[in-house]
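> Requesting a structural model of the entry that follows:
(one chain, ligands or ions: 1)
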Amino acid sequence: PEHVRKEVPLPRYVRVNLLKTNVEDVIGHYESEGYTFDQCSNNYNSYEEYLPSVKSLMGKHFLKDFHLPDVLVFPPGKDFHQHPLYTDGSIILQDKASCIPAHILSPLPGSHVIDCCAAPGNKTSQLAAGMKNEGKLHAFDKDGARFKILKSMLAKAGVQCAHLHHQDFLKVSPLDKTYQDVEFVLVDPSCSGSGIVSRLNSITDKEDSTLTQRLGSLASFQASILKHALSFPNVRRVVYSTCSTHREENEEVVQRVLLETGGQFHLTRALPNWTHRGLGDFEFGHLCLRASAQQDYTNGFFVACLERCLGDKECLD
Ligand code: SAM
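Below is the predicted model:
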C-alpha cells in the first residue's frame with residue numbers, strides 16, 4: 001500500500017523568477033560558486049533520454065528541465081533557503097510538477113487572470129512572470145495567515161500586476177464588473193496532499209478509515225470551486241490542479257464538472273509532450289496529466305486544462 005512505500009528523494013527544483021533575472025544569469029551565478037551546468041540538457045531529444053540524467057545527478061552538477069525552460073534541476077538534498085538568489089527573490093523553490101499548471105494556463109501579458117486559491121503564491125508569481133507584470137492578476141485566498149504569506153511572497157518576487165483579495169472565492173460574484181474581462185483562471189484548491197512525497201510516510205491506517213469521507217467532502221469543495229471558476233462570463237481557459245493521487249479529487253472532479261456544465265467546456269491535452277497521462281479508465285484520461293515520484297521524479301500531481309467550446313466541431317472531442 002501507498003503508506004508503506006519508502007520515501008523517494010526528489011531532485012531540488014529551482015524556478016528562475018523571470019521578473020527579477022533570467023536563466024543564463026542564474027546558471028552563471030551557480031557556476032561562479034563551483035557548480036557545473038550540464039550543457040547536454042539544452043538538447044535532449046526525448047523525455048526518456050532526459051530522465052536518466054536526472055536520476056544520476058550528484059554533487060555540484062545541475063541541469064535544465066526538459067519541459068519547463070525556466071526550471072533548473074539540482075541533486076536531492078540541496079537546500080537553497082539561505083542562498084542569496086533565494087533571499088533576494090531571484091529564484092523560487094518550487095517542485096517541477098507544481099510549475100506545470102501556470103505553465104499550461106500561460107496567460108499573455110495584458111490579460112485578466114484569476115488565481116482563486118493563491119497562497120502561498122508560487123503559482124501566482126509564476127503567472128505574473130508569464131504576463132511580464134502586465135494586465136490584471138486577481139489572487140484570492142480565504143485564510144488569514146496564508147494571505148499574509150501570499151502578500152509578502154509576491155512583494156519579494158517583484159509582482160506588480162496582482163490585485164490581492166482576502167476573500168472566499170466561492171462568494172465572489174461572476175457578474176461583478178471587476179472580473180468581466182477575465183479569460184484565464186487557475187484553480188489549485190486545497191486537497192488531501194497525498195501526492196506530496198515528504199508526507200507519504202505519515203499517512204497512517206487510522207487516517208485511512210476516515211479517508212473515504214474526507215475525500216468525499218474535499219471533492220465536493222473542489223468541484224464547486226472549479227464550477228464557480230467556469231461561471232465567469234468571459235472565461236476561456238481554466239487549469240485545474242491538485243497535489244493528490246486520488247481519483248476522487250482528480251478525474252472524478254473533472255468528469256462531474258464537465259457533465260454539470262452541459263458541454264460548454266472541453267478538455268485540451270495538458271502539456272502535450274508529457275508522457276504520464278490521467279487514468280485510462282476515463283475516456284478523457286489521456287487529456288489530463290499525472291506526475292509521480294516513481295515516473296517523473298516530482299511530487300504526485302494532477303492537471304487538467306478546460307477550454308470553452310467555441311464551435312460544435314471543437315466540442316466533439
Ligand atoms: N496555488 C498555491 C501555490 O501554488 O502557492 C497553493 C494553493 S493551496 C493548494 C490551496 C489554498 O486555497 C490554501 O491557501 C487555502 O487557504 C485556499 N482556499 C481554500 N478554500 C478557499 C476558498 N473558498 N477561497 C479562496 N481560497 C481558498
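> for the longest helix that the chain contains, packing partners?
When the chain is scanned for its longest helix (criterion: DSSP state H), the result is helix 211-230. Helices and strands touching helix 211-230, by 3 or more CB pairs under 8 Å, 6 or more residues apart in numbering; DSSP states H and E, are strand 182-187, strand 237-242, helix 251-260. In this view, the C-beta of every residue, glycine as well, is placed from N, C-alpha and C.
> who touches the residue in the chain that the ligand sits nearest to in this structure?
Residue of the chain nearest the ligand, by CB to the nearest ligand atom: Cys117 (3.1 Å). Taking CB atoms under 8 Å, 6 or more residues apart in numbering, we find Cys117 in contact with 140-141, 169, 187-190, 225.
> quick check, it in a helix?
No - read with DSSP: H, G, I helix; E, B strand; the rest coil, Cys117 is coil and lies in no helix.
> what separates Pro272 from Val257, distance-wise?
22 Å (CB to CB, to the nearest Å).
> more crowded one of the two?
A side-by-side neighbour count of Pro272 and Val257, using other CB atoms under 10 Å, places Val257 first with 23 against 9.
> any idea what sits nearest the more buried one, other than its immediate chain neighbours?
For Val257, the nearest residue in space outside its immediate sequence neighbours is Leu226; the separation is 5.0 Å by CB to CB, 6 or more residues apart in numbering.
> re earlier: just the C-alphas of the longest helix of the chain, formatted as CSV.
Extracted in CSV, the C-alpha atoms of helix 211-230 (Å, rounded to 0.1, in the frame of the first residue of the first chain):
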residue,chain,number,x,y,z
LEU,A,211,-10.3,8.7,4.2
THR,A,212,-13.4,8.0,2.1
GLN,A,213,-15.4,10.5,4.0
ARG,A,214,-12.6,13.1,3.8
LEU,A,215,-12.1,12.6,0.1
GLY,A,216,-15.9,13.0,-0.4
SER,A,217,-16.0,16.4,1.2
LEU,A,218,-12.8,17.6,-0.5
ALA,A,219,-14.1,16.5,-3.9
SER,A,220,-17.4,18.4,-3.4
PHE,A,221,-15.5,21.5,-2.5
GLN,A,222,-13.1,21.1,-5.4
ALA,A,223,-16.0,20.6,-7.9
SER,A,224,-17.8,23.7,-6.6
ILE,A,225,-14.7,25.9,-6.9
LEU,A,226,-14.0,24.6,-10.4
LYS,A,227,-17.6,25.2,-11.5
HIS,A,228,-17.5,28.6,-10.0
ALA,A,229,-14.4,29.4,-12.0
LEU,A,230,-16.1,28.3,-15.2
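> now the angle between strand 237-242 and it, please.
160 degrees (axes from the mean of the first three to the mean of the last three CA atoms, to 10 degrees).
> just checking, the residue nearest to Val257 touches Glu252?
No - contact criterion CB atoms under 8 Å: Leu226 and Glu252 do not qualify, at 11.7 Å.
> Please identify which of the two sits among more neighbours.
Neighbour totals were compared for Leu226 and Glu252, and Leu226 leads with 26 against 17 (other CB under 10 Å).
> Can you name the residues that contact the more buried one?
187, 189, 238, 240, 253-254, 257 are the contacts of Leu226 under CB under 8 Å, 6+ apart.
> likewise Arg256?
Ala223.
> Kindly report the same for Ile225.
Here Ile225 is in contact with 116-117, 169-170, 187, 189 (CB under 8 Å, 6+ apart).
> rewinding a little: go back to the contacts of Cys117 and keep what's next to the ligand.
Subset of the contacts of Cys117 in contact with the ligand: 140-141, 169, 188-190, counting by CB under 6 Å from any ligand atom.
> Most neighbours among these, which one?
Asp141 (26 neighbours).
> What separation is there between the nearest residue to that one once chain neighbours are set aside and Phe184?
Leaving out its chain neighbours, the residue that sits closest to Asp141 by CB to CB, 6+ apart is Ala119, at 3.9 Å. Noted for Ala119: a distance of 19 Å to Phe184, by CB to CB.
> more crowded one of the two?
Phe184 (27 against 24).
> Surely that one and Ser111 touch.
Yes - with contact defined as CB under 8 Å, Phe184 reaches Ser111; the gap is 6.0 Å.
> hmm, who's touching stretch 257-277?
47-48, 67, 100, 103-104, 223, 226-227, 230, 238-239, 254, 284-292, 295-296, 303-309, 314-315, 317.
> And the residues you listed, which of them are buried?
Buried by 16 or more other CB atoms under 10 Å: 100, 103-104, 223, 226-227, 230, 238-239, 254, 284-285, 287-292, 296, 303-309, out of the contacts of stretch 257-277.
> Much appreciated, bye for now.
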